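Peer 1: Generate coordinates for the sequence data below:
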Amino acid sequence: MDKWAQMYLKAKKEYYPGDVTPFIYAHNVVSAIEAENGEIFTGFCVESCSGVCNLCAERVAALNMYVNSGQTHIKRIIAFRDKAPVESENNSLPCGACREFLMQLDIKNKDTEILVDYEDKKTTALEALMPHWWGLSSQV
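Peer 2: Have a look, this model is predicted:
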């Protein structure tokens, strides 16, 4: 089984949307990331009545990686709702807040492969989604 399939299956286990409390809804978007050493970490979104308290699945997965292993470099990332990413639906790319967080977590994450289409194994790099990122100038 290829790495993308492993990541998809691990993340899919986290997909069971529902209310946590009357104020918090979770598990309706899931993610898996492959760390630099090959370990896979998962995450799920947490949405609250107060938008500033929301956490996307990608950030939760990255935080799980860091908390559980101390790693910050992400080789690959997949995120989806009820089915694997399909390019024509354009719903698998990290939001702006996640893109920024991943870049700030480790500058090497600019090369992170983001799965755009599961069937075709089509990817894009985080750097392609963050052209002219402000933090690159501070790394020189």
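
Peer 1: what does the helix ranked longest in the chain contact?
Peer 2: Counting residues, the longest helix found in the chain (DSSP state H) is helix 57-69. Residues outside helix 57-69 that contact it (Cβ atoms under 8 Å, 6 or more residues apart in numbering) are 11, 14, 29-33, 35, 37, 39, 41-46, 71-72, 74, 77, 79, 94, 97-98, 101-102, 105. Every residue, glycine included, has its C-beta placed from N, CA and C.

Peer 1: taking the residues you listed one by one, which sit in strands?
Peer 2: 29-33, 35, 41-46, 74, 77, 79 (DSSP state E).

Peer 1: helices or strands up against the helix or strand hosting Ala26?
Peer 2: Here Ala26 sits within strand 24-35, counting by DSSP states H and E. Contact partners of strand 24-35 among helices and strands, from 3 or more Cβ pairs under 8 Å, 6 or more residues apart in numbering; DSSP states H and E: helix 3-12, strand 18-21, strand 40-48, helix 57-69, strand 74-80.

Peer 1: hey, C-alpha coordinates of it in PDB?
Peer 2: What follows is strand 24-35, C-alpha atoms only, in PDB (Å, rounded to 0.1, in the frame of the first residue of the first chain):
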ATOM      1  CA  ILE A  24     -18.700  22.700  19.400                       C
ATOM      2  CA  TYR A  25     -18.900  20.600  16.200                       C
ATOM      3  CA  ALA A  26     -16.000  18.300  15.200                       C
ATOM      4  CA  HIS A  27     -14.600  15.600  13.000                       C
ATOM      5  CA  ASN A  28     -16.200  16.900   9.700                       C
ATOM      6  CA  VAL A  29     -12.900  17.500   8.100                       C
ATOM      7  CA  VAL A  30      -9.900  15.200   8.700                       C
ATOM      8  CA  SER A  31      -6.200  15.200   7.800                       C
ATOM      9  CA  ALA A  32      -3.100  13.100   7.900                       C
ATOM     10  CA  ILE A  33       0.400  14.200   7.600                       C
ATOM     11  CA  GLU A  34       3.600  12.400   7.100                       C
ATOM     12  CA  ALA A  35       6.500  13.700   9.200                       C
END
